[in-house]
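> Can you look at this prediction? I've put the sequence above it.
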Amino acid sequence: MTKQELLNSTLTMKTNLILARSLLPLLDGQEYYRVTTKLADVNSMVPALLENLKTHKSQMNDYYFTTQLLNTIREYVEAIKEYCCQSKGSGNNNTFYDDDTITFARYIRNSITHGFTFSFKTKKDIDRVTNNPPKWRGKTIGISLNGKPFDKKFMNEQNVVDLLNDLESVIKNKIK
């Protein structure tokens, strides 16, 4: 993978995120346009489907947060790691493990893959979050978060988008 392919990949991820987010207002029912088709059964199902979506709007917003936003962080981190680890001798591997933004995102990624729970089990992780906790834009991942859920209280939707933008900046400016 080239650096340009990595940037293209992250752009695709961000575009998919924006598309998914743009669909959420449809749950309000304010932008519902009746589907005109000859299949009366489909037309008769649309109002019921829309009502079901409106009823479960908060669940859909939570689903968007956990599946789209957070999994995009996971995918970003994994793509960056793949790129950095394949380009041995470039110093990128050091950047992956030493850059504050990437380190913070790595711990977020780990919490996502561990059932949306902060989990520090290895001596290395415990030492890191105790002695030099990952920090990003005023947020700190310290030992006190061990076993606690990763949720919107820790990072909201805008924080996630900001983190993705900062990761993209690291790719452009720090990774060779």
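Received, thanks. Numbers count the residues shown, from 1 in each chain.

> can you pull the buried residues of the helix or strand encompassing Asn110?
Remark: Asn110 resides in helix 100-113, with elements defined by DSSP states H and E. Judged by neighbour count (16 or more other Cβ atoms under 10 Å), helix 100-113 contains these buried residues: Thr101, Ile102, Thr103, Phe104, Ala105, Arg106, Tyr107, Ile108, Arg109, Asn110, Ser111, Ile112. Using the backbone N, CA and C atoms, a C-beta is placed for each residue, glycine as well.

> Repeat that for stretch 152-166.
Met155, Asn159, Val160, Val161, Leu163, Leu164, Asp166.

> which helices and strands does the helix or strand hosting Thr10 pack with?
Using DSSP H and E, Thr10 falls within helix 3-23. Counting contacts by 3 or more Cβ pairs under 8 Å, 6 or more residues apart in numbering; DSSP states H and E, helix 3-23 is packed against helix 70-86, helix 157-173.

> List the contacts of the last one.
Helix 157-173 is contacted by residues 3, 6-7, 10, 13-14, 17, 65, 69-70, 72-73, 76-77, 80, 95, 99, 101-102, 104-105, 108, 136-137, 139, 155 when judged by Cβ atoms under 8 Å, 6 or more residues apart in numbering.

> Then stretch 75-93?
Contact partners of stretch 75-93, identified using Cβ under 8 Å, 6+ apart, comprise 1, 3, 6, 9-10, 13, 95-96, 102, 105-106, 108-109, 164, 167, 170-171, 175-176.

> Swap in 6 Å and give it another go.
Met1, Leu6, Ser9, Thr10, Met13, Phe96, Ala105, Arg106, Arg109, Leu167, Ile175, Lys176 (Cβ atoms under 6 Å, 6 or more residues apart in numbering).

> what number of residues lie near the third one?
The reference is to Ser9. Neighbours of Ser9 under the rule other Cβ atoms under 10 Å: 18.

> who touches it in this structure?
If you count contacts by Cβ under 6 Å, 6+ apart, then Ser9 has Ala79 around it.

> What does the pLDDT read for it?
On pLDDT, Ser9 comes in at 85.
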